[in-house]
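Visitor: model this:
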Amino acid sequence: MKVFKFGGASVDSVSRIRKLPDILNSYKSEKLLIVISAMGKSTNALEKVAEAFYAGDTPTALERFGQIKQNHLQIAGSLGLADNSVFQQKMTDFFTEVEWLLLDKPVRSYNYYYDQIVCVGELLSTSIVSNFLFAEGIQNQWVDVRDVFATDDQFRAANIEWDKTKTLVPELILPLFKETDIILTQGFIGSTDSNESTTLGREGSDYSAAIFANLLEAGSLTIWKDVEGVMNADPKAFPEAQYIRELGYDEVIEMAFYGAQVIHPKTIKPLQNKSIPLYVKCFLDPKLPGTLIHSKHISSLPPIIVLKQNQSLIHFRSKDYSFVGEEGTASLYNMLSSLHIQANLLQTGAVILQVCTDNIPEKIENLALEASGIFDVQIENGLTLLTVRHYQKESLEKLIQGRMVVLQQWSPETVQTLMR
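Guide: All right, here's what the predicted structure looks like:
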């Protein structure tokens, strides 16, 4: 049995959805569990709906959601699904669920409403793809992953309740393979014990696929993308980026930790725990070998470049010039943890701690307020964080040429440079 994951770019147009049958038909002898993301930029569009709703602007929220509805119905119609009454009713049910919520008034946190609204993107895309595959003669079973993935109620960053999910996956999924070779479901979402929808964090569909691979003891996981495989840099920012044929789990974990967008950071652990190989392949040309990621250590890798824009540097200075010490450092780490803030770079000194993080104003303001009882706090925005693994001096100098270095850290394998 194999697990496939198709990202939003794989299903963002009629022409790309039409490529799926050819890919799946080449795996006719296999049992496949397929995880599919929301179409294209649907998640971004649904976020705008959630923002308008929470701001009390019901007309704008409904208008924006109406545009999303029409886009999905247009794609479905172009795929020949306009006359499928069962499919149309299912889509209507999803639409109505969100529209009823939008007519209400928010009384809970923004994150709660975000998850109830944004989760519909995956439900719509998978319904369209499932019914299109049926129309093409490819039998499959659509599954609502919210019935399978149990999570806590940390909305927008829910954690999988592993004990319960370990029971539900074999109980609900394995029997379906007796009836069909293909099970099709959603990534990115789950639900609480109270049947409230949750999301696992942006780009969480990779993680969803890895969970299925782990719990189903899959032979492999393949993530289908619109690129040749894993590159050593974002080709949009670095046209000279190189394709990498093979990587170890350890290297990919490092890449994800530093912010590379190739694989969701949580994806590797469920695979590594059971030595399940991961393939990153191109759905535009499935014959290309793609990138193989496994447990072996791969040497002689090219420099791997990760660029993170819109960074903030927060300076925490001791109020009385006493040493920051273990107590001050521990206090800051506790604050970062409680506010769910990822330190992308952290540097300590005698009387100052400096933390580089993504510029999320609400979180940074809360951190500054909480830390102000211990430290004098200053915030610097608009910075760029460059991380280079397996760096070479010449190439590094070119990358930072013309920029002012604010902070820099070196190790034998990695250099991080925060720049203006």
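Visitor: just give me the neighbour total for Leu123.
Guide: Per other C-beta atoms under 10 Å, the neighbour tally for Leu123 reads 24. Backbone N, C-alpha and C define where each C-beta goes, glycine included.
Visitor: in a helix, that's where it is, yeah?
Guide: Yes: assessed with DSSP: H, G, I helix; E, B strand; the rest coil, Leu123 lies in a helix.
Visitor: do you know the pLDDT at the residue of the chain most remote from its centre?
Guide: Distance from the C-alpha centroid of the chain peaks at Asp320, with 42.3 Å (C-alpha atoms, centre = their mean). pLDDT, Asp320: 81.
Visitor: okay, it and Thr185: tell me how far apart.
Guide: 57 Å (C-beta to C-beta, to the nearest Å).
Visitor: contacts for the longest helix that the chain contains?
Guide: Counting residues, the longest helix in the chain under DSSP state H turns out to be helix 58-78. Helix 58-78 is contacted from outside by 13-14, 17, 39, 42, 45-46, 48-50, 52-53, 82, 87, 91, 95, 98-99, 102-103, 124-125, 128, 131, using C-beta atoms under 8 Å, 6 or more residues apart in numbering.
Visitor: swap the cut-off to 7 Å and go again
Guide: Under the criterion C-beta atoms under 7 Å, 6 or more residues apart in numbering, residues 14, 42, 45-46, 48-49, 52-53, 82, 95, 98-99, 102-103, 124, 128 lie in contact with helix 58-78.
Visitor: now swap in stretch 116-136 and tell me
Guide: So stretch 116-136 is contacted by 11, 17, 20-21, 36-39, 42-43, 46-47, 49-50, 53, 72, 75-76, 79-81, 84, 87, 90-91, 94, 98, 101, 140, 142, 184-189, 197, 199 (C-beta under 7 Å, 6+ apart).
Visitor: filter those residues to the buried ones?
Guide: Buried residues within the contacts of stretch 116-136, counting neighbours by 16 or more other C-beta atoms under 10 Å: 11, 17, 20, 36-39, 42-43, 46-47, 49-50, 53, 72, 75-76, 79, 81, 84, 87, 90-91, 94, 98, 101, 140, 142, 184-189, 197, 199.
Visitor: out of the residues you listed, which are inside helices?
Guide: Using DSSP H, these in helices are 17, 20, 42-43, 46-47, 49-50, 53, 72, 75-76, 87, 90-91, 94, 98, 101.
Visitor: out of the contacts of helix 58-78, which comes closest to Ile314?
Guide: Within those, proximity to Ile314 (C-beta to C-beta) peaks at Lys48, which comes in at 28.5 Å.
Visitor: and the closest residue in space to the closest one that isn't next to it in sequence, what's its pLDDT?
Guide: Closest residue to Lys48 apart from its sequence neighbours, by C-beta to C-beta, 6 or more residues apart in numbering: Arg64 at 5.4 Å. Here, the pLDDT recorded for Arg64 equals 98.
Visitor: burial measure for Arg64, as a count.
Guide: Neighbourhood size, Arg64 [other C-beta under 10 Å]: 21.
Visitor: could you do Ala350 as well?
Guide: Ala350, neighbours per other C-beta under 10 Å, totals 10.
Visitor: and Glu240, by the same measure?
Guide: 7.
Visitor: doesn't it fall inside a strand?
Guide: No: assessed with three-state DSSP, Glu240 is coil; it does not lie in a strand.
Visitor: who touches it in this structure?
Guide: If you count contacts by C-beta under 7 Å, 6+ apart, Glu240 has none.
Visitor: again with Gln242
Guide: Applying C-beta under 7 Å, 6+ apart, we find Gln242 in contact with 231-232, 302.
Visitor: for it, phi and psi?
Guide: Dihedral pair for Gln242: phi -110, psi 140, per degrees, to the nearest 10.
Visitor: ok, it to Ile253 distance?
Guide: Separation of Gln242 from Ile253 (C-beta to C-beta): 20 Å.
Visitor: where does Thr202 land in three-state SS?
Guide: Careful, residue 202 is Arg and not Thr. The assignment at Arg202 comes out as coil when based on three-state DSSP.
Visitor: give me the pLDDT for the closest residue to it other than its chain neighbours.
Guide: Spatial nearest neighbour of Arg202, excluding adjacent residues (C-beta to C-beta, 6+ apart): Thr43 at 7.5 Å. Reported pLDDT at Thr43 in the predicted model: 95.
Visitor: quick one: Thr43 from Gly201, how far?
Guide: 12 Å.
Visitor: where do the contact lists of those two overlap?
Guide: With C-beta under 7 Å, 6+ apart, Thr43 and Gly201 have no common neighbours.
Visitor: please enumerate the helices of the stretch 251-400 of the chain.
Guide: Under the criterion DSSP state H, counting those that start in this stretch, helices of the stretch 251-400 of the chain are mapped to 268-272, 325-338, 361-371, 393-400.
Visitor: for the second one, packing partners?
Guide: Using 3 or more C-beta pairs under 7 Å, 6 or more residues apart in numbering; DSSP states H and E as the contact criterion, the neighbours of helix 325-338 among helices and strands are helix 361-371.
Visitor: distance between the helix it packs on and the chain's centre?
Guide: Relative to its parent chain, helix 361-371 has a centroid offset of 24 Å by C-alpha atoms, centre = their mean, to the nearest Å.
Visitor: who are the contact partners of Thr384?
Guide: 307-309, 311, 419.
Visitor: make that Leu345, sorry
Guide: 356, 385, 407, 409, 416, 418.
Visitor: beta partners of it?
Guide: Residues in a beta bridge with Leu345, per DSSP bridges, are Cys356.
Visitor: and it, how close does it get to Leu174?
Guide: Computed as C-beta to C-beta, the Leu345 to Leu174 distance reads 44 Å.
Visitor: now do Phe87
Guide: Applying C-beta to C-beta, the value for Phe87 to Leu174 is 26 Å.
Visitor: can you put the helices of the stretch 251-400 of the chain in CSV and add mean pLDDT?
Guide: Converted to CSV, the helices of the stretch 251-400 of the chain look like this (pLDDT from 0 to 100):
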stretch, mean pLDDT
helix 268-272, 93
helix 325-338, 90
helix 361-371, 94
helix 393-400, 87
